[in-house]
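Student: here is a sequence with its predicted model. Questions after.
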Amino acid sequence: MAHLASFNKQDIEQYLADIPALKNYKLNSATGSIVIEYDAAMINPAVIEALFSDSDSDAEQACMVLGRCIDVNGVL
């Protein structure tokens, strides 16, 4: 997430605001981190948990599932 610090904060905030599955978020520019609160009815919590799996392939698969889920749920 360190690469977040190089992006425009307004662009990130606008992108996140356009995703209905994301309820709230907090950007920390100093650390390049982000905390996201999501709607568990739109994104299965198991997908989020799999992002932090010890298995790289499980985490990669979860990332793809999350991308599809967000796309289906209304990214503009």
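Tutor: Arrived safely. Please read all numbers here as calculations on a predicted model, not as lab measurements. Numbering: from 1, shown residues only.
Student: quickly find the element holding the spatially closest residue to Asn44 that is not a sequence neighbour.
Tutor: Spatial nearest neighbour of Asn44, excluding adjacent residues (CB to CB, 6 or more residues apart in numbering): Cys69 at 7.6 Å. For the C-beta atoms, the positions are set from N, CA and C on the backbone; glycine is no exception. Cys69 belongs to helix 56-72 when assigned by DSSP states H and E.
Student: going by neighbour count, which residues of that helix are buried?
Tutor: Residues of helix 56-72 classed as buried by neighbour count (16 or more other CB atoms under 10 Å): 62, 65-66, 70.
Student: which of those residues sits closest to Thr31?
Tutor: Thr31 has its nearest neighbour among the buried residues of helix 56-72 in Leu66, at 22.1 Å by CB to CB.
Student: measure the closest residue to the closest one other than its chain neighbours to Asp58 for me?
Tutor: Spatially, and ignoring its direct neighbours in sequence, Leu66 is nearest to Val47 (5.4 Å; CB to CB, 6+ apart). Look at Val47 and Asp58: by CB to CB, to the nearest Å, they are 10 Å apart.
Student: with Ala17 instead?
Tutor: In this view, Ala17 and Asp58 are 30 Å apart by CB to CB.
Student: same check, this time on Ile34
Tutor: Distance from Ile34 to Asp58, by CB to CB: 22 Å.
Student: where's the helix or strand of the chain with the lowest mean pLDDT relative to the chain centroid, distance-wise?
Tutor: The weakest-scoring helix or strand in the chain, judged by mean pLDDT, DSSP states H and E, is helix 9-17 (a mean of 80). Distance of helix 9-17 from its chain centroid, counting by CA atoms, centre = their mean, to the nearest Å, is 12 Å.
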